[in-house]
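[1] I would like to see how this sequence folds:
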Amino acid sequence: MYDAVSDSYCYPGTTVLKNRANLRTQAPRTVWISKSGNPFCHPDNIKRELERLFADLARQKNLSGLDAKAFAEKAAHFLADLNAIHPFRDGNGRTQLAFMTALAEQAGHRFALERIDPNAMLDATIESFGGSEKPLATLIRGLIEQA
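    Residues are numbered from 1 along each chain as shown. Modelled structure (predicted):
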């Protein structure tokens with residue numbers, strides 16, 4: 001969906017953002033992580049699961065052509081899966097929000113980010129991890145600006 005290019009925020013000759021740990025590769029995380037006792041995707045499965053998830057998103061034409069309700073429901077399902085994969089050690093939530101904002105815009109919907117409640121988003125994401133995507137869909141639907 002996006003191409004990354006080198007810029008002043010990246011290490012020279014790479015598309016890796018400069019970081020405190022001085023990491024210069026784009027390899028996904030390599031350790032087991034969990035939150036509140038809930039384990040995220042095993043590191044050995046991250047690449048395969050991301051490829052599956054994004055191939056499915058491509059098959060759905062990046063959720064374009066959907067009304068706000070249908071977009072919110074499909075986006076919630078995508079986001080629940082992406083969160084369960086949890087490819088990064090830190091920054092998954094911020095990355096997911098940035099991606100979802102771009103995905104919504106590409107699909108013809110604009111997010112009103114000033115409406116986001118970080119605690120509600122965290123709660124809805126946790127519920128989606130347990131299999132209930134409705135709160136996340138409701139939250140996403142609430143972010144979509146009305147035309």
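
[2] show me what contacts the most centrally placed residue in the chain?
    In the chain, the centroid-proximal residue (CA atoms, centre = their mean) is Gln96; its distance is 2.7 Å. Neighbouring residues of Gln96 by CB atoms under 8 Å, 6 or more residues apart in numbering: 79, 82-83. From N, CA and C alone the C-beta is placed, and that goes for glycine too.

[3] part of a helix, is it?
    Yes: looking at Gln96 with DSSP: H, G, I helix; E, B strand; the rest coil, it is inside a helix.

[4] circling back to that earlier point, now, which of the contacts of Gln96 sits nearest Leu50?
    Nearest to Leu50 among the contacts of Gln96 is Leu82, at 8.1 Å by CB to CB.

[5] Which helix or strand contains the closest one?
    helix 68-85 (DSSP states H and E).

[6] burial measure for Ala107, as a count.
    Using other CB atoms under 10 Å, the number of residues around Ala107 comes to 20.

[7] hang on, it packs against Asp67?
    No: taking contacts as CB atoms under 8 Å, Ala107 lies outside contact range of Asp67: 10.4 Å.

[8] State the pLDDT value of Ala147.
    Listed pLDDT for Ala147 reads 58.

[9] need the helices for the chain, in chain order.
    46-59, 68-85, 92-106, 118-129, 134-143 (DSSP state H).
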